[in-house]
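**Q** need a structure here:
(chains A and B)
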Amino acid sequence: MVQGKGMKVLANVILTIMAVIAILPIILLLIGSFTDNATALAEGFSYTPSKLSIEAYRYIVNAWSTVGRGYLNTILVTAVGTVVSLIVTAMFGYGITVKGLPGGRVITLMLVISMLFNGGIVAQYFVYTNIVNVKDSFFALIMPNFIMNAFNVILVSNYFRNNISGEILEAARIDGASEFRVFWKILLPLSVPILATIGIMTAIGYWNDWNNGLYYLSPRDGSKYYTIQLILNQIANQVQFLASEAAKMGVTLDTRSMPTTTVRMAIAFVGILPILIAYPFFQKYFVKGISVGGVKG
Amino acid sequence: MGNRKVPGYNEFIKKVNFHREEKRRKAVKTKKKKIRIAHFLPIYAMILPGFLYLIINNYLPMFGIIIAFKRLDFRKGILFSDWAGLDNFKFLFASGNAFRMIRNTILYNVVFIILGIVMGVTTAILMNEVTSKGALKAYQTLILIPNLMSFVIINYLVYAFLAPDTGLVNNSILLKLGKAPISWYTNAKYWPFILTFVNMWQSIGFTTVIYYSSIIGISTDYYEAATLDGASKWQQITNITLPLLKPTIITLFILSLGRIFGSNFGLFYQVPRNQGMLYPTTQTIDVFVFNALMNNNDYSMSSAASVFQSVAGAITLISANALIRKVQPEDSLF
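**A** Here you go, the predicted structure:
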């Protein structure tokens, strides 16, 4: 018994340390964003800066034409992308569960093969710039990689098979409901748990994505679609991007007074804030998404 | 006489009847087929968007592999460019880049796989010892937070610690200890440790949740019986938890073996800030392909490396699956 207790104490100590390490960098980011710029330059970022300031956030408010647009783009991409992805995935996943569908096996096989082989990044880049050209458009952020993947399809179709009785669907069909009606009015409402799980994972994927923009949005012509992640990617090395983007929109920003060091931290914090706020509400689905997705993901 | 049938008459009638029957059956069949297809039409319509996406996003790029075997000339287009045979691959492997990036990719993966299993399983077992529900939820919530961050953000977090002029490590630790500041972003030798730490920091919550969800699936009866028999905590872990966790460990292990030629592009591109001086220890295949394609417009090198990666990846995945089928047939992917 004593040994069991010792184990319990040890577990709590180690997990507490791990939890602290997990969030310490984020706290440094937060404190860094509220540090006086000159102080940060003189004594570096620290958990106990000698002088605090909100100048970085004041600058973001001035540069809102750029940062706010990035925010709007992030929200749009996440919302549109997630909804489209869920609908496409659920319809496809339903289709392959229909018994006796001619060609159904071939389609399922094609889906499985897509998990095993891929043409690589270069080939995909050629497809999305030459055949289905998404370059420098809103679609660049939505289409590549995110809309449907085999793993999510398998998750939803397994859910349809195991959790929804065919009798309910058959009864609706006998009552004269069309396949679309059955899908929208019966199947989807009954599948909320699985849709929420993969929806959360997809939404986080879209919110955090910067790869698609890196490949398919050029800083010259595609920057108006830049999400908050892409703005952060751009200003990591070149903070003047904020001012030059504002100038494109006819807003003049004073670059000399820019708190260049701390403003980056502030924008990064603004970028993760919505996720941190929403996290407690979607945590359940996030954990579920990991545990169902982890093993075969 | 008149009644006498022509020799073979019976056979003839039989044949005619058979043909008639066959024709009728066929007609019914095609009609049925038409009805069936019409019946399934709405289903096809529902599958169509996803199917098209599969073609565009997954299948067209598979054919795009030919780029690696072409001497790309945009005036002629991809299909009509001259064949280059294996020249692109020869250039790649002669350049000396190939060895370095493949070595880096594989070595990092090996370290990440081993540490992932050891730390993930340990943390999950520790989590299982926590009895307070509130504490459990707090730990789980907090160690998963890094997993919600994009690598662009993680780049900023790491930079806040390691920046040569404004970083916390140089200013608040090394200088205070009387040591000379280190130029982290120009010294390749530190990066195997930095990247490993960052990777574990970011992914440990994820791995822990997977193993933990597998541990809580173990029936409590085993533990109760063991406690009655006077087994210690440690004995319970080694004799119950670990053996029952083995299938999950093996599945995850083999799946990550299958991905050994892949790398987390965000980790290796964002966190070292794509600094050329760090390439000896930070450049993986994905980083090379990105730079060759987007910054140098080097289609021959990038496509050769990218095709090498996907072919090697497919081969390792299939071998890993064959392995899993031998060890645990019920867990094989296909």
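**Q** longest helix in the chain, by number of residues?
**A** Looking at chain A here, since you left the chain open. When chain A is parsed with DSSP state H, its longest helix is helix A:260-294.
**Q** that answer is for a different chain, and I need it for chain B
**A** The residue-count maximum for a helix in chain B (DSSP H) belongs to helix B:9-54.
**Q** can I get the CA coordinates of the helix or strand B:L252 falls within in CSV?
**A** Following DSSP states H and E, one finds B:L252 within helix B:242-258. Extracted C-alpha coordinates of helix B:242-258, given in CSV (Å, rounded to 0.1, in the frame of the first residue of the first chain):
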residue,chain,number,x,y,z
LEU,B,242,2.9,-3.6,-20.3
PRO,B,243,1.9,-7.0,-21.8
LEU,B,244,-1.6,-5.8,-22.5
LEU,B,245,-0.2,-2.6,-24.0
LYS,B,246,2.1,-4.6,-26.3
PRO,B,247,-0.3,-4.8,-29.3
THR,B,248,-0.8,-1.0,-29.3
ILE,B,249,3.0,-0.4,-29.0
ILE,B,250,3.8,-2.8,-31.8
THR,B,251,1.1,-1.4,-34.1
LEU,B,252,2.3,2.2,-33.6
PHE,B,253,5.9,1.1,-33.9
ILE,B,254,5.4,-0.6,-37.2
LEU,B,255,3.3,2.2,-38.6
SER,B,256,6.0,4.7,-37.7
LEU,B,257,8.6,2.4,-39.3
GLY,B,258,6.5,2.7,-42.5
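**Q** now do that helix: everything it contacts.
**A** For helix B:242-258, the external contacting residues (C-beta atoms under 8 Å, 6 or more residues apart in numbering or on different chains) are A:294-296, B:109, B:112-113, B:116-117, B:121, B:207, B:210-211, B:214-215, B:218, B:222, B:313, B:316-317, B:319-321, B:323-324, B:327-328, B:331, B:333. (Glycine included, C-beta is placed from N, CA and C.)
**Q** out of the residues you listed, list just those in strands.
**A** Among the contacts of helix B:242-258, DSSP state E puts none in strands.
**Q** residue contacts, A:R173?
**A** So A:R173 contacts A:179, A:182 (C-beta under 8 Å, 6+ apart).
**Q** now do the SS call for it.
**A** Assigned by DSSP: H, G, I helix; E, B strand; the rest coil, the conformation of A:R173 is helix.
**Q** from chain B, how far off is it?
**A** Distance, A:R173 to chain B, using C-beta to the nearest C-beta, to the nearest Å: 10 Å.
**Q** repeat that for A:Y71.
**A** 15 Å.
**Q** if we can go back for a sec, run the angle between the helix holding B:L252 and helix A:260-294 for me.
**A** Counting by axes from the mean of the first three to the mean of the last three C-alpha atoms, to 10 degrees, helix B:242-258 lies at 120 degrees to helix A:260-294.
**Q** tell me the buried residues in helix B:242-258?
**A** Neighbour-count burial for helix B:242-258 flags B:245, B:248-258 (criterion: 16 or more other C-beta atoms under 10 Å in any protein chain shown).
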